[in-house]
Each structure stands twice: as structure tokens, then as C-alpha cells.
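Participant: compute the structure for the input listed below.
(one chain, ligands or ions: 1)
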Amino acid sequence: MAESGSSAGFSGSQTGSLTGSGLPPPRTRIFKIIVIGDSGVGKTCLTYHFCAGKFPEKTEATIGVDFRERLVEIDGEKIKIQLWDTAGQERFRKSMVQHYYRNVHAVVFVYDITNAASFRSLPAWIEECRQHALGSEVPRILVGNKCDLRDSVQVWTDVAQQFADAHSMPLFETSAKNPNGPGDSNHGNSDHVEAIFMTVAHKLKSQKPLVLSQPPGALGATVSLSRGRDDGADGARSWACSSC
Ligand SMILES: Nc1nc2c(ncn2[C@@H]2O[C@H](COP(=O)(O)OP(=O)(O)OP(=O)(O)O)[C@@H](O)[C@H]2O)c(=O)[nH]1
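Facilitator: Numbers count the residues shown, from 1 in each chain. I've put the predicted structure just below:
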């Protein structure tokens with residue numbers, strides 16, 4: 001699938017008309033969150049559930065990357081959560097990997113609680129992040145999926161929790177299929193898949209806001225904003241993050 005090109009932190013253009021207050025209309029911040037893990041752990045189902053509110057009837061192995069977006073409101077601010085559902089199969093991700101990690105705001109690692117191999121692969125996924133120079137300021141969370149299949153569990157919560165603690169990540173166990181049902185650690189509360197991605201979005205929103213370092217005279221240009229990581233691929237990008 002073609003890259004959306006919107007790896008920037010904001011959508012919209014600075015060239016839009018002014019509001020009644022004489023200020024440009026507020027732009028929508030975009031949080032780019034990549035979802036990674038072995039093939040078949042449920043990345044497509046989790047991202048689909050968050051964006052479409054249901055479990056997909058059928059899925060096929062992701063090739064390259066699929067994008068899903070959802071507009072949410074947090075503390076009165078409209079924010080676009082852009083989920084990058086990445087291919088778990090090596091042969092389907094090779095050519096795309098550098099795009100996944102470009103200007104990423106957060107990472108969600110997924111394993112399947114009924115598949116120990118998917119849990120054992122996590123260090124390799126963490127290593128891939130390291131190789132793409134993801135800084136420690138980029139929040140990461142760990143999600144154990146398919147909790148509706150409790151009878152087939154191979155990865156117990158205490159083992160997963162130890163791993164999460166060792167890597168300073170919060171752990172969530174859920175089911176993309178039945179996020180409110182028995183087996184989901186959020187049973188009895190609201191939709192847990194929803195809560196997971198909203199937790200990430202809240203965390204990102206609470207981080208120091210991105211700040212413009214615009215060159216003099218550039219007002220009115222159409223710009224994009226990154227979180228201080230620039231791989232040099234976009235020469236026009238001249239924004240920086242005050243917190244980086
Ligand atoms: N029982 C159960 N099945 C699930 C759950 N999530 C996903 N599945 C099933 O697991 C299979 C793989 O799901 P996908 O979402 O396509 O997996 P993926 O991680 O995106 O796989 P790749 O695209 O190959 O990387 C599908 O048959 C889904 O129906 C879940 O929470 N519970």
C-alpha cells in the first residue's frame with residue numbers, strides 16, 4: 001500500500017483562511033502509532049477494532065503496511081490517532097521498514113497469549129526499534145492479545161509482566177475479538193482495546209507540546225512538523241521539538 005505521507009505531527013495547512021479571531025484555524029495533531037509483532041498475533045484485528053469498533057469478519061496477512069485513523073477528542077483537543085498496522089511476515093515488510101519508524105510517536109508491541117513463539121520474538125522486535133534509532137522518549141506498550149482463548153494460554157501474565165517490567169513498558173492483556181468478555185483483564189469495564197490506544201494517546205498528549213522553530217519569513221508556507229527526529233529524507237522539514 002502507498003504511504004500516506006502524513007508522518008508529520010499535524011494535519012492541515014498553514015495557508016488556510018483566518019478565523020473570526022484573526023488566527024488561523026487550529027490544526028489537528030496526528031499521533032503516529034506503529035503496531036508491531038509476529039504474523040497472526042492480531043495486529044490488524046486490534047487496529048481495526050479501535051478504528052471501526054468491531055472485529056473484522058476476515059483478515060489476510062498484511063503486506064507492507066495498512067493505515068487506520070480515528071479522530072478522538074482529549075481534553076477538548078481533537079487529535080487524529082493514526083495506527084500503522086505493519087506486516088508481521090518478514091517477506092512483506094522488508095521494503096517498508098524504514099517508513100514505519102519515520103517520525104513515529106509511539107510503539108505498540110503485540111504478542112499472542114496462545115503462542116509462546118510470538119512472545120519469544122519480542123526481543124527481536126525491540127531490537128528492530130533500536131536499530132531504527134527510536135529514542136527512549138517514544139512511549140512503548142506491550143499487548144498480549146487473544147485473551148478470549150484462555151484455555152489455550154501459553155504465555156502467563158506473570159511471565160509477560162516480568163518482561164514488560166524489564167523493558168519499562170506497561171502490559172495490557174486483551175482480546176480484539178471480545179474485549180469486554182471473560183479473560184480480558186478489563187472485564188466488566190468499558191472496551192479494553194479502546195482503553196489501550198486511548199492510554200497511549202493521553203500519554204502522548206501529556207508530553208511536552210511540539211514547538212515550532214520556524215525560519216524567519218517562512219510564514220504562510222505549507223509545513224509539516226515532526227517530533228524532532230529527521231532522517232534527512234525531507235529537506236523541507238525545518239521543525240524541531242523543544243523537548244528533544
Ligand atoms: N480468538 C481470537 N482470534 C483473533 C484475535 N485477534 C485476531 N485473531 C485471529 O487471528 C488471526 C490473525 O489476525 P490478524 O489481525 O490478521 O493478525 P496480524 O498480526 O495482523 O497478522 P499479519 O498481518 O500477518 O502480521 C485471524 O484469523 C484473526 O481472526 C483475538 O483476539 N481472538
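Participant: was I right about residue 99 contacting residue 65?
Facilitator: Yes. Assessed by C-beta atoms under 8 Å, residue 99 is found in contact with residue 65 at 7.0 Å. The way it works is simple: take the backbone N, C-alpha and C, and place the C-beta from them, glycine included.
Participant: secondary structure class for the residue positioned nearest the centre of the chain?
Facilitator: Residue closest to the mean C-alpha point of the chain, counted by C-alpha atoms, centre = their mean, is residue 33 at 1.6 Å. Under DSSP: H, G, I helix; E, B strand; the rest coil, the three-state class of residue 33 is strand.
Participant: distance of the nearest residue to it once chain neighbours are set aside from residue 205?
Facilitator: Once flanking residues are discounted, residue 33 sits nearest to residue 106: 4.6 Å by C-beta to C-beta, 6 or more residues apart in numbering. Residue 106 is 11 Å from residue 205, where distance means C-beta to C-beta, to the nearest Å.
Participant: which of the three states applies to residue 60?
Facilitator: coil.
Participant: bridging residues for the residue nearest to the centre of the chain?
Facilitator: Beta bridges link residue 33 to residue 83, residue 106, judged by DSSP bridges.
Participant: ok, it touching residue 80?
Facilitator: No. Judged on C-beta under 8 Å, residue 33 makes no contact with residue 80 at a distance of 10.8 Å.
Participant: so the residue nearest to residue 116 when sequence neighbours are not counted: helix, strand or coil?
Facilitator: Nearest non-adjacent residue to residue 116, counting by C-beta to C-beta, 6+ apart: residue 154, 4.2 Å away. Put simply, residue 154 is coil when judged by three-state DSSP.
Participant: surely residue 154 and residue 111 touch.
Facilitator: No. With contact defined as C-beta under 8 Å, residue 154 does not reach residue 111; the gap is 9.9 Å.
Participant: compare these two (neighbour count), which wins?
Facilitator: Set residue 154 next to residue 111 and count neighbours by other C-beta atoms under 10 Å: residue 111 wins out with 28 against 15.
Participant: residues contacting that one?
Facilitator: Contacts for residue 111 (C-beta atoms under 8 Å, 6 or more residues apart in numbering) come out as 37-38, 41, 118-119, 121-122, 142-145, 155, 160.
Participant: could I get the residues you listed as a markdown table with distance to the ligand, neighbour count and pLDDT?
Facilitator: Below are these laid out as a markdown table (distance: C-beta to the nearest ligand atom, whole Å; neighbours: other C-beta atoms under 10 Å; pLDDT from 0 to 100):
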| residue | distance to the ligand | neighbour count | pLDDT |
| --- | --- | --- | --- |
| 37 | 6 | 24 | 97 |
| 38 | 7 | 21 | 97 |
| 41 | 4 | 27 | 98 |
| 118 | 9 | 25 | 98 |
| 119 | 14 | 22 | 98 |
| 121 | 12 | 19 | 98 |
| 122 | 13 | 22 | 98 |
| 142 | 15 | 23 | 97 |
| 143 | 10 | 29 | 97 |
| 144 | 10 | 28 | 97 |
| 145 | 5 | 28 | 96 |
| 155 | 14 | 22 | 97 |
| 160 | 15 | 20 | 97 |
